[in-house]
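1. Sequence and computational prediction follow.
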Amino acid sequence: MRQDQEDPYQRRSARVYAGADRAVSGSVGSFRGVLYDAVLLDRDGTLIEDVPYNGDPEKVRPVEGARAALDELRAAGLRLAVVTNQSGLARGFFDEDQMRAVHARVEELLGRFDAWLVCPHDDADGCDCRKPAPGLVYAAARELGTSAARCVVVGDIGRDVAAALAAGAAGVLVPTPVTRPEEVAAAGWVASDLPSAVREILRRQEAARPAQVSEPVGTALVVRSDSAGDVLVTGPAIRAVAAGALRVVLLCGPRGRAAADLLPGVDEIIEHPLPWIDPAPGPVDPEAMRTLTARLAAVGADEAVVFTSFHQSALPLALLLRMAGISRIAAISDDYPGSLVDIRHRVPVGVPEPERALSLAAAAGHLLPAGDEPVLRLRSDTVPPRPVDVGEPGYVVLHPGSAASSRACPTELAARIAGALTAAGHRVLVTGGPDERAVTATVAAAGGTDLGGRTDLAGLAAIVVDAAAVVVGNTGPAHLAAAAGVPVVSLFAPTVPFGQWGPYRVPTVRLGDAGAPCRDTRAATCPVPGHPCLSGVDPAEVVDAVRMLSGGGDR
């Protein structure tokens, strides 16, 4: 094979910043799942009925359907571990021998687990392993020879989900009568019972695996028109398409162009606004649509994969692609597409946007190549050097703004957060766009260095990649941090679902009122006076979150 035909995807993406690089690497026997290698399960209330401080194996009662569900996971090649807080040891309600007897009984009833990870401490001990700290998740991943990002944690209370997020793992909440409503509201992934959780884990795993890998193509056209964050979260799916194409052309809008420049696997970019996607579109210009159609025809694409968010339609563009002569089009469409789409894909509500896109790529026959994890990534050759005047790595980036004001951190709160972080000994860099200079100046005056208006998206990436943590709302820089593998303190306004739009596969702490009245409104401007979803955040919570995430020793 000629050199110019050898693995062009690797040439395009050999130099990358990857969140997975910060995690433990390894394999799980001969099996490696597309998304997950292992499932980590809480014990009491999740696997077995919750008997407080139980040291008696005779009181072990599995939850309904547990054995069959676990056997499904085993049959699918996933390894299983138990991650459990057992403060009864610290309090003297039972000893280690009694605990081991309980665990032996659990295995007698539910089958063998590949590892047991136990925190024997009480809250007052301040350990790193008691959930919601991520220590048990990291330890289980190491024990199983994988990374936390390739694990799913299943539990019945908020501590279980929080520990998963803090390690960069997926977290599934299976509520019981003791689960608090606010814990259910905050969870990004909720299942009615353990068998339902297992079915969805396996469905998501299979959805990212092509039934048949397509033949290599010359030119693939991929589409993701929206903001920078939308483009970044589509990165893994675009890399999957790129793995089987000699050339990848990305169509994006003006708001996503800067992010498109940062994506590995993209050879050429076409920038054009799509009036059925943009949030504040002008009138449809027939001449502009004719120009776009001619430009798409000139690409000479062998196929097109149209990526959209869950609330958008791919069909208007599919019509233009047909008119441009593209014969194979894949898209997600709940609406009947007629002859506009060759591969019509459907995705249930609630799937994380990166996985939603990956499942479409898989439906079109595209799979990430071996060694490429399904995480967000940045091309390092497009990220400039870090400005000298920001100091050495290890600072905290505080980004209070957002293009949608409903998702921005209130200025007064951001100032108090900056002051609290500075008082705790952190160097704080306050970032924002040119139109946010007044905000960043106010926030930085309370503690930190004002970088407002000094960076474009690539320049912001240069700062983010060397941060210990990024404190940010649900906006593009959160996904930029995830693409750099940097932990995120997510001040998440619940106008959109956290399970779909939270930072993906990177250690995260979610703060804010997940049940606020703005929940699921998709409002761009806060519909409730006082911004209650975020205004109640205590800056001390942010300091604690940064301390836990930036410790990172167990990663």
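-> Okay, I see it. It should be emphasised that the depicted structure is a prediction, and the values quoted were computed from it without experimental measurement.

2. so how far is stretch 82-97 from its chain's centroid?
-> Here the centre of stretch 82-97 is set off from its chain's centre by 33 Å, with C-alpha atoms, centre = their mean, to the nearest Å.

3. Stretch 387-398 now?
-> Counting by C-alpha atoms, centre = their mean, stretch 387-398 comes out at 24 Å from the chain centroid.

4. what's the answer for stretch 430-438, then?
-> With C-alpha atoms, centre = their mean, you get 25 Å for stretch 430-438.

5. That one - what's its average pLDDT?
-> Mean pLDDT, stretch 430-438: 95.

6. Let's see the distance spanning it from one end to the other.
-> Across stretch 430-438, the terminal residues are separated by 12 Å (C-alpha to C-alpha, to the nearest Å).

7. Quick one: list the elements packing against the strand or helix carrying Ala288.
-> Assessed by DSSP states H and E, Ala288 sits inside helix 286-299. On a contact count with 3 or more C-beta pairs under 8 Å, 6 or more residues apart in numbering; DSSP states H and E, helix 286-299 meets strand 217-223, strand 268-271, helix 315-323. Glycine gets a C-beta too; all of them are placed from N, C-alpha and C.

8. so which of those comes closest to Pro181?
-> helix 315-323 (38.5 Å; C-beta to C-beta).

9. contacts for the closest one?
-> Applying C-beta atoms under 8 Å, 6 or more residues apart in numbering, the external contacts of helix 315-323 come out as 221, 223, 225, 274, 276, 289, 292-293, 296, 304, 306, 329, 331, 333, 335, 337, 339-341.

10. One more pass at 10 Å, please.
-> 221, 223, 225, 251, 274-277, 284, 289-290, 292-294, 296-297, 299, 301, 303-304, 306, 308, 314, 326-331, 333, 335-342, 344 (C-beta atoms under 10 Å, 6 or more residues apart in numbering).

11. So which of the helices and strands packed on helix 286-299 is the most surrounded?
-> strand 217-223 (a mean of 22; mean count of other C-beta atoms under 10 Å).

12. Tell me the strands beside that strand, with direction?
-> Strand 217-223 has the following strand partners under DSSP bridges: strand 245-252 (parallel), strand 303-306 (parallel).

13. Just name the most buried of those strands.
-> Greatest average neighbour count among the strands paired with strand 217-223 goes to strand 303-306 (a mean of 28), per mean count of other C-beta under 10 Å.

14. re the thing from before, which of the helices and strands packed on helix 286-299 sits closest to Glu96?
-> Comparing the helices and strands packed on helix 286-299 by C-beta to C-beta, strand 217-223 comes nearest, at 54.5 Å.

15. Quick check: which helices or strands does the very next helix or strand once past the closest one pack against?
-> Sequence-wise, the next helix or strand downstream of strand 217-223 (DSSP H and E) is helix 228-233. Using 3 or more C-beta pairs under 10 Å, 6 or more residues apart in numbering; DSSP states H and E as the contact test, the elements touching helix 228-233 are strand 245-252, helix 257-260, helix 353-363, helix 457-464, helix 476-484, helix 498-501.

16. what's across from Ala304 in the sheet?
-> Listed by DSSP bridges, the beta-bridge partners for Ala304 are Leu221, Ile329.

17. isn't it right next to Leu360, touching?
-> No: counting by C-beta atoms under 10 Å, Leu360 is not a contact partner of Ala304; they are 11.5 Å apart.

18. which residues are common contacts for the two?
-> With C-beta under 10 Å, 6+ apart as the test, Ala304 and Leu360 both reach 241, 314, 330-331.

19. who's in contact with the residue of the chain most remote from its centre?
-> What lies farthest from the middle of the chain is Glu58; by C-alpha atoms, centre = their mean that is 40.8 Å. Going by C-beta under 10 Å, 6+ apart, Glu58 touches 101-102, 105.

20. Assign a three-state SS to it, would you?
-> When classified by DSSP: H, G, I helix; E, B strand; the rest coil, Glu58 comes out as helix.

21. picking that back up, which parts of the helix holding Ala288 are buried?
-> 289, 292-293, 296, 299 (16 or more other C-beta atoms under 10 Å).

22. Any chance of those residues in JSON lines with distance to Arg112 as columns?
-> Formatted as JSON lines, the buried residues of helix 286-299 follow (distance: C-beta to C-beta, whole Å):
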{"residue": "Met289", "distance to Arg112": "61"}
{"residue": "Leu292", "distance to Arg112": "58"}
{"residue": "Thr293", "distance to Arg112": "59"}
{"residue": "Leu296", "distance to Arg112": "55"}
{"residue": "Val299", "distance to Arg112": "53"}
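
23. quick one: which of those residues is nearest Ala141?
-> Using C-beta to C-beta, Val299 comes nearest to Ala141 of those, at 42.0 Å.

24. And the spatially closest residue to that closest one that is not a sequence neighbour, how far from Val489?
-> Nearest residue to Val299, sequence neighbours excluded (C-beta to C-beta, 6 or more residues apart in numbering): Val249, at 5.2 Å. Distance from Val249 to Val489, counting by C-beta to C-beta, to the nearest Å: 36 Å.

25. now do Arg510
-> Applying C-beta to C-beta to Arg510 and Val489 gives a distance of 9 Å.

26. same question, Leu221
-> Distance from Leu221 to Val489, by C-beta to C-beta: 37 Å.

27. what do you get for Met548?
-> For Met548 relative to Val489 (C-beta to C-beta), the value is 10 Å.

28. One more: Ser196?
-> 31 Å.

29. More neighbours: those two, which one.
-> Val489 (31 against 15; other C-beta atoms under 10 Å).

30. so what's the backbone phi/psi at that one?
-> Main-chain torsions, Val489, degrees, to the nearest 10: phi -90, psi 110.

31. Am I right that it is in contact with Val543?
-> Yes: contact status for Val489 versus Val543: in contact at 9.5 Å, counting by C-beta under 10 Å.

32. Common neighbours of those two, please.
-> Residues touching both Val489 and Val543 by C-beta under 10 Å, 6+ apart: 396, 417, 421, 471.
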